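J.: I would like to see how this sequence folds:
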Amino acid sequence: MEYFTSQQVQDRYKISPTTLWRWVHDEDLRFPTPLVVKRRRLFEQRKILEWERLRSGEVA
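T.: Okay, the predicted model is just below:
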């Protein structure tokens, strides 16, 4: 299984650590929940890519 670090997710979407925290805690956004390993948050790449696909299909 492949993972993105929090920093990689922030770089990918050009967001701040605070925005990433908000995304993770916003139930309506349904952003993937990270796996926490020794205080590091890791996001499954598969779930991030699936979230992107779902978001791109939404009507604005």
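
J.: which helices and strands does the strand ranked longest in the chain pack with?
T.: Selection of the longest strand in the chain by residue count, based on DSSP state E, yields strand 40-44. Packing partners of strand 40-44 (3 or more C-beta pairs under 8 Å, 6 or more residues apart in numbering; DSSP states H and E): strand 3-5, helix 6-13, strand 35-37. To be clear about C-beta, it is placed using only N, CA and C from the backbone, and glycine gets the same treatment.

J.: what about 10 Å?
T.: Here strand 40-44 touches strand 3-5, helix 6-13, helix 17-25, strand 35-37, going by 3 or more C-beta pairs under 10 Å, 6 or more residues apart in numbering; DSSP states H and E.

J.: Can I get these in JSON lines including distance to Arg55 and mean pLDDT?
T.: Below are these laid out as JSON lines (distance: least, C-beta to C-beta, whole Å; pLDDT from 0 to 100):
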{"stretch": "strand 3-5", "distance to Arg55": "16", "mean pLDDT": "98"}
{"stretch": "helix 6-13", "distance to Arg55": "11", "mean pLDDT": "98"}
{"stretch": "helix 17-25", "distance to Arg55": "11", "mean pLDDT": "98"}
{"stretch": "strand 35-37", "distance to Arg55": "21", "mean pLDDT": "96"}
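
J.: any idea which of the ones you listed is most buried?
T.: Ranked by mean neighbour count under mean count of other C-beta atoms under 10 Å, the helices and strands packed on strand 40-44 are led by strand 3-5, which reaches a mean of 17.

J.: got the CA coordinates for stretch 13-31 in PDB?
T.: This file holds the C-alpha atoms of stretch 13-31, laid out as PDB (Å, rounded to 0.1, in the frame of the first residue of the first chain):
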ATOM      1  CA  TYR A  13      -3.500  20.800  -3.200                       C
ATOM      2  CA  LYS A  14      -1.500  23.900  -2.300                       C
ATOM      3  CA  ILE A  15      -3.100  24.100   1.100                       C
ATOM      4  CA  SER A  16      -1.900  25.000   4.600                       C
ATOM      5  CA  PRO A  17      -1.600  22.500   7.500                       C
ATOM      6  CA  THR A  18      -4.700  24.200   9.000                       C
ATOM      7  CA  THR A  19      -6.700  23.700   5.800                       C
ATOM      8  CA  LEU A  20      -5.700  20.000   5.800                       C
ATOM      9  CA  TRP A  21      -6.900  19.700   9.400                       C
ATOM     10  CA  ARG A  22     -10.200  21.300   8.400                       C
ATOM     11  CA  TRP A  23     -10.600  18.900   5.500                       C
ATOM     12  CA  VAL A  24     -10.000  15.900   7.600                       C
ATOM     13  CA  HIS A  25     -12.500  17.000  10.200                       C
ATOM     14  CA  ASP A  26     -15.200  18.200   7.800                       C
ATOM     15  CA  GLU A  27     -17.700  15.300   7.600                       C
ATOM     16  CA  ASP A  28     -19.500  16.900   4.500                       C
ATOM     17  CA  LEU A  29     -16.200  16.900   2.500                       C
ATOM     18  CA  ARG A  30     -15.600  13.200   3.200                       C
ATOM     19  CA  PHE A  31     -11.800  13.700   2.900                       C
END
